[in-house]
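K.L.:
dropping the sequence and predicted coords here.
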Amino acid sequence: MSTFSDASGVIAPLPKIRRPTGFSGVVPAFAFVGIFFVVPVAILLLRSVLEPVPGLGNYAQLIGSSTYLKIFANTFIVSGFVTVISLAIGFPVAWALAIMPGRLTSVIFAILLLSMWTNLLARTYAWMVLLQRTGLINKMLMGMGLIDQPLALVNNLTGVTIGMTYIMLPFIILPLYGVIKKIDPSTLQAAALCGANRWQCLTRVLLPLAMPGMAAGALMVFVMSLGYFVTPSLLGGTANMMLAELIAQFVQSLVNWGMGGAAALVLLVVTLSLYAVQLRFFGNQNPGGR
């Protein structure tokens, strides 16, 4: 038992600190979530069915308009491409980090973290400079003789996909690295001793063991891509609008909170549905096979 002595030199036990137990320990967290998440979402839901007139007219207009459907299609297509490309690039990088010497791994991790800490707006403007018709990428391709005319890489969905993939890569490399690092190397050695070639070791051993991490990283990238605003607005332009830009236009330019709330609620429902699917199929799996 801890003690303390007062001014008179008398030693007395320290008073016990009562820690919250049971439900009382999580009340502040629930209150925070309720005030800053549940209440605003509920207000947004109400405005989506009450403004400008009560009913589901905002949702019917979203679904019935070909313009809005094109924006939804742009959002899901770009998010899907960004997720697939990020997985294709991120998995080999995460595997290489897992087997590299510790010092080299630390250097690459520092580069990844530095890219994440750099201002998003600055990174997006940097890609605008690189991807423009007179930018470094077009000059390099023309200098190598691969193209005769500069490619249109900005103000379209191609530029948006390139820029968002670069931004999302750390968010899929880091969880994949953690999962792959937990995989026992003797598992792959045992597969090789049993006659499996490198391709079989990859497809039948490594990928299944890393699947929970791949699913978690892919979900994170896809969901974040659905709601991205800065990169699509700068690299895509108004002709290739995505859902976050549409919501901002409804609220800021048109001051139409009903339509903005309806579009935001659709995005929220899609996000929660994807999270539920991920929990259903991968929630009980142990990453790394341990």
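P.N.:
Good, I have the coordinates. Residues are numbered from 1 along each chain as shown.

K.L.:
from residue 229, how far off is residue 252?
P.N.:
11 Å (CB to CB, to the nearest Å). Backbone N, C-alpha and C define where each C-beta goes, glycine included.

K.L.:
and the two? which has more neighbours close in?
P.N.:
A direct count of neighbours by other CB atoms under 10 Å for residue 252 and residue 229 places residue 229 higher, at 14 against 9.

K.L.:
hang on, that one packs against residue 246?
P.N.:
No - checked against CB atoms under 8 Å, the pair residue 229 and residue 246 is beyond contact range at 10.1 Å.

K.L.:
any stretches of the stretch 51-200 of the chain with poor pLDDT?
P.N.:
Within the stretch 51-200 of the chain, no stretch has pLDDT under 70.

K.L.:
how are the strands of it distributed by residue range?
P.N.:
Assigned by DSSP state E, counting those that start in this stretch, the stretch 51-200 of the chain shows no strands.

K.L.:
can you pull the contacts of residue 218?
P.N.:
83, 86-87, 172 (CB atoms under 8 Å, 6 or more residues apart in numbering).

K.L.:
where do the helices of this protein begin and end?
P.N.:
27-33, 39-50, 57-64, 66-99, 102-117, 120-131, 136-143, 157-182, 185-193, 198-200, 207-226, 230-235, 243-248, 257-282 (DSSP state H).

K.L.:
so which residue is dead centre in the chain?
P.N.:
residue 221 (3.1 Å; CA atoms, centre = their mean).

K.L.:
separation between that one and residue 173?
P.N.:
From residue 221 to residue 173 the distance is 10 Å (CB to CB).

K.L.:
cool, and residue 232?
P.N.:
22 Å.

K.L.:
with neighbour numbers in mind, choose between the two.
P.N.:
Neighbour count, other CB under 10 Å: between residue 232 and residue 173, residue 232 has more, with 26 against 23.

K.L.:
which residues touch the more buried one?
P.N.:
By CB under 8 Å, 6+ apart, the neighbours of residue 232 are 78, 160, 164, 240-242, 244-245.

K.L.:
just put those residues in JSON lines and tack on neighbour count and distance to residue 143.
P.N.:
As requested, the contacts of residue 232 are exported to JSON lines (neighbours: other CB atoms under 10 Å; distance: CB to CB, whole Å):
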{"residue": "78", "neighbour count": "24", "distance to residue 143": "29"}
{"residue": "160", "neighbour count": "27", "distance to residue 143": "25"}
{"residue": "164", "neighbour count": "29", "distance to residue 143": "27"}
{"residue": "240", "neighbour count": "20", "distance to residue 143": "28"}
{"residue": "241", "neighbour count": "20", "distance to residue 143": "34"}
{"residue": "242", "neighbour count": "28", "distance to residue 143": "33"}
{"residue": "244", "neighbour count": "22", "distance to residue 143": "36"}
{"residue": "245", "neighbour count": "21", "distance to residue 143": "35"}
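
K.L.:
now the two most distant members of those residues.
P.N.:
164 and 241 (14.5 Å; CB to CB).

K.L.:
now render the contacts of residue 232 as TSV, adding distance to residue 183.
P.N.:
What follows is those, written out as TSV (distance: CB to CB, whole Å):
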residue	distance to residue 183
78	32
160	34
164	29
240	40
241	42
242	36
244	36
245	40
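
K.L.:
which among those gets closest to residue 205?
P.N.:
Taking those together and measuring to residue 205 by CB to CB, the closest member is residue 164, at 31.5 Å.

K.L.:
this completes my enquiry, with thanks.
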